[in-house]
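Undergrad: Got a sequence here, can you build the structure:
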Amino acid sequence: MDTVSSLPFLGVVSDGEPEPFFGLFSSSETRSAPKPRRRESKGPPRMTKPTERPRQSDRELVDKARDGNTAAFGELVKKHQQRIHRLAIHMLRDRAEAEDVTQETFIRAYQALARFDGRSEPYTWFYRITINLSLNRIRSRKSRKTTHDTDDPRLDGVLIDQKPATADPGAQAQRTEMYQALTAGIDGLSDTLRTTLILVCIDGRSHEEVASILGAPEGTIAWRVHEARRKLKEFMQARGFDPEGDGT
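TA: Residues are numbered from 1 along each chain as shown. From the prediction side, this is the model:
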């Protein structure tokens, strides 16, 4: 039996629609986490059940997978495949190709387990594979002069009206038009700027994390984000949009 094809991760599980472009023109690099709620003490602390086990780290799961534990690698896939799928969608703008790249990412990672040196976190390894596979597909399209899916999946979350009873149809149409222009502006960026922008401003990774993923200094990442935002702002303003507004 082909070990790779028998792994329990070949069905892509999407976490819903891709996130909208929440941080493209925000100066904040990361979103603040909600403060934990304080618990009132009501008697002695609960004892931990003997059957409860501490959650295994990604590195521990990789080590087990190296020893032939396919279930451990399956846990890695469950943890990261939704985000990898979303990254592929924003890179490729095509649902079918994003699913193919997501599957191929984990197959290649599994096949190369022995070569993973552990100097970086496993998720950065997955990201690198996804980005390389996506860029290869984009270049292949250009050489073959083929087009991708015209139904842009990046807009799905924007086009769905969350409150149809109270929404202003005119405002919704304007918001949709703005996001369509925004995706066109992103597509016009170079591969390097677009990839960096997606990782920092859409996926929400820090400059430090993106530097590790792309193998570039943090200062270079910061410059790329600044340059991509500048170009996008000019692109949007030339089309009559306020890129720092909400499109309503």
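
Undergrad: tell me the mean pLDDT for stretch 118-125?
TA: Taken as a whole, stretch 118-125 has a mean pLDDT of 88.

Undergrad: quick one: average confidence on stretch 90-110?
TA: Across stretch 90-110, pLDDT averages out at 94.

Undergrad: And it, what's buried?
TA: By neighbour count on 16 or more other C-beta atoms under 10 Å, the buried set for stretch 90-110 is 90-95, 97-103, 105-110. Where you see a C-beta, it was placed from the backbone N, CA and C, and this is true even at glycine.

Undergrad: Also stretch 193-207?
TA: 193-203, 205, 207.

Undergrad: Restricted to helices, list those residues.
TA: Among those, the ones falling in helices (DSSP state H) are Leu193, Arg194, Thr195, Thr196, Leu197, His207.

Undergrad: list the buried ones in the strand or helix carrying His90?
TA: In this structure, His90 sits in helix 70-92 according to DSSP states H and E. Within helix 70-92, the residues that count as buried by 16+ other C-beta under 10 Å are 70, 72-77, 80-92.

Undergrad: where does the protein have low pLDDT?
TA: Of all residues in the chain, those with pLDDT under 70 make up the ranges 1-54, 144-150, 155-167, 243-248.

Undergrad: how about a cut-off of 90?
TA: Counting by pLDDT under 90, the chain shows low-confidence ranges at 1-56, 68, 114-120, 139-183, 202, 240-248.

Undergrad: which residues in it form helices?
TA: In the chain, the segments counted as helices under DSSP H are 58-66, 70-92, 95-111, 122-144, 156-159, 169-187, 191-197, 207-214, 218-238.

Undergrad: Nothing else from me, thank you.
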